[in-house]
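*Asks:* Structure here, sequence nowhere to be found:
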């Protein structure tokens with residue numbers, strides 16, 4: 001039954017609710033317009049054709065931890081005012097003893113908050129890419145399936161400012177380049193992360209102030225996971241040695257890098273429409289135009305040609321080697337990467353399908 005408990009409004013509760021309110025306001029209304037974020041905005045009459053339009057549904061990805069519980073509680077509070085329905089999906093990874101009980105407890109908390117529907121998804125976690133990657137892949141597949149089944153507009157994820165900082169730092173350590181600096185996006189079209197500006201200490205305080213008992217995942221203390229080592233050791237060390245505000249600085253860097261990357265991607269897509277010559281034999285780009293552009297755009301054009309035509313994601317090594325056919329041309333022969341053959345034909349860089357499993361770079 002929906003709990004009627006109304007906790008006093010503390011700073012932590014206000015901050016989390018405000019973040020959720022702002023995020024929900026960005027969702028398209030049933031009439032296709034964006035909801036106003038101004039609570040003082042005048043009410044307007046609902047057009048007759050949308051008067052009976054169903055309210056969009058959002059699902060909160062709920063683990064039972066403080067981040068997702070704070071998100072669930074704030075979403076339950078803000079959903080009605082935002083004109084959306086709110087439910088929850090709980091993913092049982094089956095990685096710990098008693099995980100089914102933890103999932104059931106989280107589901108009951110969601111029901112107590114008034115969320116509906118509440119869906120528990122049990123998944124099998126493989127070992128491809130390591131335990132963290134495999135668990136993440138299984139989780140996102142389950143969330144996507146739940147969203148499709150229930151017709152949800154978005155799945156809300158409880159990632160916080162701390163998670164964003166950890167993601168950026170891990171990506172930098174792995175040499176992922178600008179892709180890691182972008183961090184996690186607030187809205188991907190499938191997933192919405194309302195709490196990316198909210199510190200983990202705030203979500204913990206939210207739960208305490210709301211008298212909600214959060215589950216403490218033992219995996220969050222397991223230092224065999226790289227993210228746990230970053231959380232427990234690396235970030236605190238940086239804070240001690242460089243001063244406070246490291247998490248906020250990393251999150252700001254992610255925002256700026258994402259803006260730059262999105263602009264470059266937009267320019268590359270516009271240029272590709274003008275430059276690319278698509279035929280049954282493959283796709284071609286003019287060498288002169290590629291050479292005239294900065295490396296960031298040139299390499300985006302190469303990656304875009306391969307991903308759009310052959311659905312292959314190029315590594316940086318492959319991208320640079322292909323770019324050398326433009327910038328360091330010495331008559332070298334075709335380059336073969338999995339699924340794609342790239343060669344320079346006079347003034348064109350030509351990409352075609354390649355079925356043999358050869359890799360010359």
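*Replies:* Thanks, I have the structure now. Since the model is a prediction, treat every value here as computed from it, not as a measurement.
*Asks:* Residue 28 is in contact with residue 187, correct?
*Replies:* No: when contacts are counted by CB atoms under 8 Å, residue 187 is not listed as touching residue 28 (11.2 Å). Every residue, glycine included, has its C-beta placed from N, CA and C.
*Asks:* quick one: the helices in the chain?
*Replies:* 11-24, 66-82, 99-112, 131-150, 161-173, 178-181, 200-209, 226-229, 235-242, 246-275, 287-292, 295-310, 316-327 (DSSP state H).
*Asks:* can I get these in a markdown table with mean pLDDT, mean neighbour count and distance to residue 336?
*Replies:* Below are the helices of the chain laid out as a markdown table (pLDDT from 0 to 100; neighbours: other CB atoms under 10 Å; distance: least, CB to CB, whole Å):
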| stretch | mean pLDDT | mean neighbour count | distance to residue 336 |
| --- | --- | --- | --- |
| helix 11-24 | 97 | 20 | 45 |
| helix 66-82 | 97 | 24 | 45 |
| helix 99-112 | 96 | 18 | 45 |
| helix 131-150 | 92 | 16 | 27 |
| helix 161-173 | 90 | 21 | 29 |
| helix 178-181 | 68 | 16 | 24 |
| helix 200-209 | 97 | 20 | 46 |
| helix 226-229 | 90 | 16 | 33 |
| helix 235-242 | 93 | 13 | 42 |
| helix 246-275 | 91 | 15 | 23 |
| helix 287-292 | 96 | 15 | 19 |
| helix 295-310 | 93 | 19 | 12 |
| helix 316-327 | 93 | 17 | 10 |
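*Asks:* Out of those helices, which is closest to residue 341?
*Replies:* Proximity to residue 341 (CB to CB) singles out helix 295-310 among these, at 9.9 Å.
*Asks:* Mind giving me the packing neighbours of that closest one?
*Replies:* Counting contacts by 3 or more CB pairs under 8 Å, 6 or more residues apart in numbering; DSSP states H and E, the secondary-structure elements packed against helix 295-310 are helix 246-275, strand 282-286, helix 287-292, helix 316-327, strand 339-345, strand 348-354.
*Asks:* ok and the fourth one relative to strand 339-345, angle-wise?
*Replies:* Pointing back at helix 316-327 there. Between helix 316-327 and strand 339-345, the angle comes out at 20 degrees (axes from the mean of the first three to the mean of the last three CA atoms, to 10 degrees).
*Asks:* now the angle from helix 316-327 to strand 348-354?
*Replies:* Using the same axes, to 10 degrees, helix 316-327 lies at 140 degrees relative to strand 348-354.
*Asks:* Mind listing residues that contact helix 316-327?
*Replies:* The contact list for helix 316-327 (CB atoms under 8 Å, 6 or more residues apart in numbering) reads 177, 287, 290-291, 295, 298-299, 302-303, 314, 332, 335, 337, 342-344, 349, 361.
*Asks:* how does it look with 6 Å?
*Replies:* 287, 290-291, 298-299, 302-303, 335, 337, 342, 344, 349, 361 (CB atoms under 6 Å, 6 or more residues apart in numbering).
*Asks:* Among the residues you listed, which one sits closest to residue 151?
*Replies:* Nearest to residue 151 among those, counting by CB to CB, is residue 303 at 33.4 Å.
*Asks:* That closest one: what's it in contact with?
*Replies:* Per CB under 6 Å, 6+ apart, neighbours of residue 303: 314, 319.
*Asks:* Pull the number of nearby residues for residue 129.
*Replies:* Other residues near residue 129 come to 11 when the count uses other CB atoms under 10 Å.
*Asks:* Would you check how far apart it and residue 56 are?
*Replies:* 33 Å (CB to CB, to the nearest Å).
*Asks:* can you tell me which residues contact residue 193?
*Replies:* 157, 159, 186.
*Asks:* Rebuild these as JSON lines, extending it with pLDDT.
*Replies:* Output for the contacts of residue 193, formatted as JSON lines (pLDDT from 0 to 100):
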{"residue": "157", "pLDDT": "98"}
{"residue": "159", "pLDDT": "97"}
{"residue": "186", "pLDDT": "94"}
